[in-house]
Structures are given as C-alpha cells and as structure tokens.
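Build me a model from this:
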Amino acid sequence: MGITVDTIEQGTVVDHIQQGMGIRVMDLLGIDKNYPHRVALVMNVGSGKSEKKDIVKIEGILVSEEKTDAIALISPNATINHIQEGKVVKKKKAELPDRMEGVGKCPNPKCISNHQDVPSRFALDGEEYRCGYCERKFRASELV
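Prediction:
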C-alpha cells in the first residue's frame, strides 16, 4: 500500500534526499512548526536510485540557488524541483558549491566566526571545505 501526498500548487519538492536526512534538510531551510504553509516529509521511501530515500514537499517557497547547493552538504544526490501551478518548472541537482558564505557553521570552537557576528565563509579545497577565518579543513557534512 502506497502513501499519497497532495500535490502542491506553488513551492519546492526536494527529492532523492539521503535516507534519514529529510529533517536536516528542513532545518537548513528554516522549516519548523511555525511555518505557515503545508509541508510533507516522507521518510524511508523505496527508490530506484538507492535503497531508500526521503522526500520533502514545501508549499509557498522556491528554494534559492544558494540553499539548493547547501542541501548538497547534507545529501549530495538530492534533486530540487520548483513547482508552479502544480507542475515542475525547474529541476536542479544539488551540487557542492565552490564557495559558500553565510551557510553552515565552522566546527572549530575557537574560530572567530563562532564568537563574532560575521557570516561563515568556506571554499572547496580538494574534497574538503576550508574555513575563510581559521583556515581549517572540514568535510561537507561537518558544516551543517
């Protein structure tokens, strides 16, 4: 027996989220119990690409390019679908960005970005991100 979730007229569907990471995607997007529109989180759904996946449907917002790429920190294979009038009008695969500002948090507790009101800054350096302040390197998953 399948699960049926209503279609949305305007908003975003984040599909192919790594199993169990749907809640973290919602946190990254600032979706919480006070969000005024409909939201659907479906977890552990069967997938042709992977064994299981999560899906998040969010009515009322179109996820920005910056946030789309930040989703890749949590789930590198996620797909972001913009929905207008009930139809997909744009589809983008989340990709790790070369540079990020104001997204993520430096895991180094001594980093200045954790003690002063400055936006976080990271640059992709090989397979890790280098903090623009303390210069330490971290895996993408450590930044969110």
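
give me the element the residue most central in space within the chain is part of.
In the chain, the residue lying closest to the centroid (C-alpha atoms, centre = their mean) is I71, at 2.3 Å. I71 belongs to helix 65-74 when assigned by DSSP states H and E.

Give me the helices and strands touching that helix, please.
strand 10-18, helix 22-28, strand 99-101 (3 or more C-beta pairs under 8 Å, 6 or more residues apart in numbering; DSSP states H and E). Quick note: C-beta positions are derived from backbone N, CA and C, even for glycine.

now it, how far from the chain's geometric center?
Its chain's C-alpha centre and that of helix 65-74 lie 5 Å apart, by C-alpha atoms, centre = their mean, to the nearest Å.

neighbouring contacts of that helix?
Residues from elsewhere that reach helix 65-74 (C-beta atoms under 8 Å, 6 or more residues apart in numbering): 14, 17-18, 21, 24-25, 28-29, 63, 78, 80, 92, 94-97, 100, 102-104, 140-141, 143-144.

care to break the protein down by domain?
According to automatic domain parsing, the chain comprises the domains 10-93, 99-143.

Kindly provide the whole-number mean pLDDT of the first one.
The pLDDT scores in domain 10-93 average 91.

Ends of that domain, what's the gap?
Using C-alpha to C-alpha, to the nearest Å, one end of domain 10-93 lies 19 Å from the other.

hmm, back to that, highest mean neighbour count out of the domains of the chain?
domain 10-93 (a mean of 17; mean count of other C-beta atoms under 10 Å).
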